[in-house]
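Asks: Sequence and predicted structure are below.
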Amino acid sequence: MDLSNYQVKLSENYPEIEGATNDPYTVGILKNLAFSKMGELGGVLTYIFQSNIADKTDDDLGELFEEIAITEMLHLNLLMHAITKFGGIPKYENENGVSFNTAAINYTMKLKEMLENNIMGEQEAIRAYGDAARRVKNESLKDLFMRIIKDEELHLETFRRLKDTVQFLSI
């Protein structure tokens, strides 16, 4: 399958966080984006798992999932840096101290189901980042969230296109 025309990350830089102060409320928002069941860490692990499963169907497809996982890893790293800047410790736990659990990973082996779940996950990520942008006070952090949304929208478009292709090819 030729996937060379799929884009998973914009070339636009991510905004730097400025004016961060100790803020437990903002740290909680950041931890949920990073480490909740639907957060970036879960996305990284899910897409790496899927890249290995998809490799069995098509090497290019497996590579595309891996590239998306790498972009999500970049988002995770940005969030972890932000947690630190706002006075938190980037432990793998949500705002309530609940540790990340790999039970959050979707281990489906069927490509169509993977794509359907990924579409829902990316929609949830876009919603969560938009909600977070409305809730935080720091403008540079809002800008970071809005920039990450752009990547998530690319992922959503990619998974929708792939789902259409998979249905067409009856994979």
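Replies: That came through fine.
Asks: Identify the residue spatially nearest to residue 160, adjacent ones excluded.
Replies: residue 119 (6.1 Å; C-beta to C-beta, 6 or more residues apart in numbering). For every residue, glycine as well, the C-beta is placed using N, CA and C.
Asks: Enumerate every residue touching the one you found.
Replies: Residues near residue 119 by C-beta atoms under 8 Å, 6 or more residues apart in numbering: 156, 159-160, 163.
Asks: Let me have those in CSV, extended by pLDDT, secondary structure and distance to residue 138.
Replies: Shown next, in CSV, are these (pLDDT from 0 to 100; DSSP: H, G, I helix; E, B strand; the rest coil; distance: C-beta to C-beta, whole Å):
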residue, pLDDT, secondary structure, distance to residue 138
156, 97, helix, 26
159, 95, helix, 31
160, 94, helix, 32
163, 90, helix, 36
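Asks: Are any of these buried, and if so which?
Replies: 156, 159, 163 (16 or more other C-beta atoms under 10 Å).
Asks: before we move on, the earlier item: to which secondary structure element is the residue nearest to residue 160 assigned?
Replies: Using DSSP states H and E, the element containing residue 119 is helix 111-135.
Asks: Low-confidence ranges, the chain, go.
Replies: In the predicted model, the chain carries pLDDT under 70 at residues 1-4, 167-171.
Asks: hmm, 90 instead?
Replies: Applying pLDDT under 90 to the chain flags residues 1-11, 37-38, 54-61, 98, 101, 103-104, 106, 109-110, 112, 164-171.
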